[in-house]
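Undergrad: can't give you the sequence, but here's the structure:
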């Protein structure tokens, strides 16, 4: 017989004996006692309530992958070659070109547009400027593409593929912002911050690990050690210090 059954039988016997002596009903007391025993036999599981995992770095991770870098340079139908503004814009675009990796630089010239002749002349000037900027001649490809309309002027597109730090596009609103029952960030939270951080990475490899340390300046190190050994204090420190030595 289990311990709970023994306890119940003992309480029932005691209550009957008490009723025979006092003549008072013991059913309410017996019911309370048996309920307490049943509650004590119930299995209780501990429940731990924690915060819902939600991190903008997880929702919008920064990844390192190939990305097509491109720029469209407008060319007027009356232009004769590359203009000054086009030159400055193209030089700024080529600043991000990695000469060591030397990806293919593609210059797409519109065909069948109102500015076809001017765009062809400008495209040749763009190629010469790219060579002068350090792009290898055998890495430059000049191709044509069909313009959408013969009555409008189409731009000349310059592009190359490079490895860049990037994240997903912003502007996703799958749910109402007022839906906060789960106490989680909305879908677009932190996306612009992650995109800005990825755009500031000049070397995407910095996200993978630290760079190799450069060699120390032995001469400068020796001077610092000599000053420390002599317990010398520089005049600049003495001039800026409020302590009188």
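TA: Cool, the structure landed. Owing to the predicted nature of the structure, the values given are computational and were not obtained by experimental measurement. Numbers count the residues shown, from 1 in each chain.

Undergrad: Buried residues, the helix or strand containing residue 129. List them.
TA: With elements taken from DSSP states H and E, the one containing residue 129 is helix 116-132. Within helix 116-132, the residues that count as buried by 16 or more other CB atoms under 10 Å are 116, 118, 119, 120, 121, 122, 123, 125, 126, 127, 129, 130. Where C-beta positions appear, they are placed from N, C-alpha and C, glycine not excepted.

Undergrad: Now do the end-to-end distance for stretch 70-83.
TA: For stretch 70-83, the first-to-last residue distance is 19 Å (CA to CA, to the nearest Å).

Undergrad: For that stretch, buried residues please.
TA: Of all the residues in stretch 70-83, those buried under the rule 16+ other CB under 10 Å are 73, 74, 75, 79, 82, 83.

Undergrad: on that earlier part again, helices and strands around the helix holding residue 129, which ones?
TA: If you count contacts as 3 or more CB pairs under 8 Å, 6 or more residues apart in numbering; DSSP states H and E, helix 116-132 packs onto helix 84-94, strand 105-111, strand 140-146, strand 156-166.

Undergrad: Can you pull the domain assignment for this protein?
TA: Here the domain parsing of the chain from the TED database is 54-59+166-205, 66-161.

Undergrad: For those domains, which has the smallest mean pLDDT value?
TA: Of all the domains of the chain, mean pLDDT reaches its minimum on domain 54-59+166-205 (a mean of 86).

Undergrad: what's around residue 201, how many residues?
TA: Using other CB atoms under 10 Å, residue 201 is surrounded by 15 other residues.

Undergrad: who's in contact with stretch 191-198?
TA: Residues from elsewhere that reach stretch 191-198, judged by CB atoms under 8 Å, 6 or more residues apart in numbering: 56-57, 59-62, 164-168, 170-172.

Undergrad: Now do that stretch: distance to the chain's middle.
TA: Relative to the centre of its chain, stretch 191-198 is centred 6 Å away, using CA atoms, centre = their mean, to the nearest Å.

Undergrad: likewise stretch 115-135?
TA: Put simply, stretch 115-135 sits 36 Å off its chain's centre (CA atoms, centre = their mean).

Undergrad: Residues in contact with that stretch: which ones?
TA: 73, 75-83, 86-87, 90-91, 94, 97, 99, 102, 105, 107, 109-110, 113, 137, 140, 142, 147, 153-156, 158.

Undergrad: ok, now with 6 Å
TA: Residues outside stretch 115-135 that contact it (CB atoms under 6 Å, 6 or more residues apart in numbering): 75, 77, 79, 81-82, 94, 99, 105, 107, 109-110, 137, 140, 153, 156.

Undergrad: and the two most separated of these?
TA: The two members of those with the most space between them (CB to CB) are 77 and 99, at 34.1 Å.

Undergrad: Look at residue 214 and report its pLDDT.
TA: Looking at residue 214, its pLDDT is 85.

Undergrad: ok so it is a helix residue?
TA: No. Assigned with DSSP: H, G, I helix; E, B strand; the rest coil, residue 214 falls outside any helix and is coil.

Undergrad: Relative to residue 208, how far out is it?
TA: 19 Å (CB to CB, to the nearest Å).

Undergrad: Which one's more surrounded, these two?
TA: In this view residue 214 and residue 208 are compared by other CB under 10 Å, and residue 208 has more residues nearby, 9 against 6.
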